[in-house]
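**Student:** give me a 3D structure for the following:
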Amino acid sequence: MKKATLVSVIAVVFLVGSAFGFYALPTLTSRQMHVLMFTQEGACSPTVWGAPWDVVLNGQTTKAAPINAALPIPDTRITANQSNKNFSTIGFYVPNGVYTYSVSPGDFFSDGAVTVNGADAIVTVNGPSIGCTTTIAPACVLAQQGSSLYVKITLDDGKTPVTNATVDATPVETCNGVNTTIAIIYHPVVNASGVATLDASGSTFYSVTVHYGSQSYPFSAYVVHPERSVRNSTCANIKLPSGSLSVTAC
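**Tutor:** Below you'll find the model as predicted:
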């Protein structure tokens with residue numbers, strides 16, 4: 001009976017350890033071993049994690065996530081997304097000691113050292129070091145509630161008005177669901193301040209395209225009927241030629 005119980009405990013420990021990248025099979029001296037866990041800090045908002053990646057302990061033992069990742073992992077390539085959270089942790093069973101570690105891909109993570117002394121240890125690995133970008137002039141932008149829509153067009157300095165741009169605007173009933181477009185195209189005049197004004201009191205969305213030179217900058221702005229909202233106006237500020245867009249109450 002005691003032998004069967006021991007085998008069961010070893011099997012459970014092995015299965016749990018495998019789920020977190022621990023591949024060392026426990027032995028009768030495993031009480032002297034500790035868990036050394038490496039976990040990615042993550043990057044951007046919402047948080048993303050990188051994979052594949054690996055940790056080399058003391059220049060000798062390598063563990064990777066996912067466990068079937070081909071080694072060596074190139075230093076210049078990584079995929080970062082939210083689903084990689086499942087691969088954001090790598091673990092070892094180690095005795096007390098000081099351990100150096102290196103993390104690959106080297107262009108995205110930092111290396112270091114850690115001391116294990118009588119207890120489990122967790123190392124938070126900085127990274128992945130990636131550029132976090134926001135889509136410019138998205139296809140659908142949720143604006144503040146209002147009754148008028150002002151499209152302000154400036155150069156990328158945000159100050160110099162662009163008066164030689166033209167604007168096409170079509171009322172749209174929805175944006176993220178089924179679009180019901182009203183068969184009207186407005187061509188509001190762009191004034192000396194670079195502002196085109198649209199009456200939004202009877203619309204849910206406007207589909208707007210700003211034309212500047214040979215470029216076109218489409219976007220959608222959400223507005224709410226004044227009877228169901230406060231009578232604030234909505235300002236869509238677009239900078240050219242980058243197409244950077246922000247929508248705020250004004």
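**Student:** so, low pLDDT: which residues of this structure?
**Tutor:** 1-31, 76-77, 131-146, 172-185, 201-204, 223-232 (pLDDT under 70).
**Student:** could you chop it up by domain?
**Tutor:** 2-125, 148-249 (automatic domain parsing).
**Student:** reformat those as JSON lines; add mean neighbour count.
**Tutor:** Every C-beta, even on glycine, is put in place using the N, C-alpha and C of the backbone. As requested, the domains of the chain are exported to JSON lines (neighbours: other C-beta atoms under 10 Å):
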{"stretch": "domain 2-125", "mean neighbour count": "15"}
{"stretch": "domain 148-249", "mean neighbour count": "16"}
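**Student:** just grab the bridge partners of residue 212 for me.
**Tutor:** For residue 212, the beta-bridge partners are residue 215 (DSSP bridges).
**Student:** so it makes contact with residue 240?
**Tutor:** Yes: the criterion here is C-beta atoms under 8 Å, and residue 212 meets it with residue 240 at 5.0 Å.
**Student:** any common contacting residues for those two?
**Tutor:** Contact with both residue 212 and residue 240 is made by residues 153, 162, 165, according to C-beta atoms under 8 Å, 6 or more residues apart in numbering.
**Student:** what sits against the first one?
**Tutor:** The reference is to residue 153. 161-162, 165, 167, 190, 194-196, 210, 212, 238, 240.
**Student:** with the last one instead?
**Tutor:** When the contact criterion is C-beta under 8 Å, 6+ apart, the partners of residue 165 are 153, 190, 194, 210-212, 240.
**Student:** looking at these, which two lie furthest apart in space?
**Tutor:** By the measure C-beta to C-beta, 194 and 211 form the most distant pair in those, at 13.7 Å.
**Student:** contacting residues around the closest residue to residue 117 other than its chain neighbours?
**Tutor:** Spatial nearest neighbour of residue 117, excluding adjacent residues (C-beta to C-beta, 6 or more residues apart in numbering): residue 96 at 5.5 Å. Under the criterion of C-beta under 8 Å, 6+ apart, the contact list for residue 96 reads 34, 116-118.
**Student:** where strands are concerned, which of these count?
**Tutor:** 34, 116 (DSSP state E).
**Student:** export the contacts of residue 96 as a markdown table, with columns for distance to residue 53.
**Tutor:** As requested, the contacts of residue 96 are exported to a markdown table (distance: C-beta to C-beta, whole Å):
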| residue | distance to residue 53 |
| --- | --- |
| 34 | 22 |
| 116 | 21 |
| 117 | 26 |
| 118 | 28 |
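**Student:** could you single out the nearest of the contacts of residue 96 to residue 250?
**Tutor:** Of the contacts of residue 96, the one sitting nearest to residue 250 (C-beta to C-beta) turns out to be residue 116, at 57.5 Å.
**Student:** wouldn't that closest one be in contact with residue 92 here?
**Tutor:** No: using C-beta under 8 Å, residue 116 is not in contact with residue 92; the gap is 9.4 Å.
**Student:** what do the two both touch?
**Tutor:** Shared contacts of residue 116 and residue 92, counting by C-beta under 8 Å, 6+ apart, come down to residue 36.
**Student:** all helices for the protein, in order.
**Tutor:** Along the chain, counting by DSSP state H, helices occupy 2-19.
**Student:** so who does the nearest residue to residue 242 once chain neighbours are set aside touch?
**Tutor:** Using C-beta to C-beta, 6+ apart and skipping the chain neighbours, the partner closest in space to residue 242 is residue 156 (5.2 Å). By C-beta under 8 Å, 6+ apart, the contact set of residue 156 is 239-242, 244.
**Student:** determine which two of the residues you listed are furthest apart.
**Tutor:** Farthest-apart pair in the contacts of residue 156 is 241 and 244; separation 9.7 Å (C-beta to C-beta).
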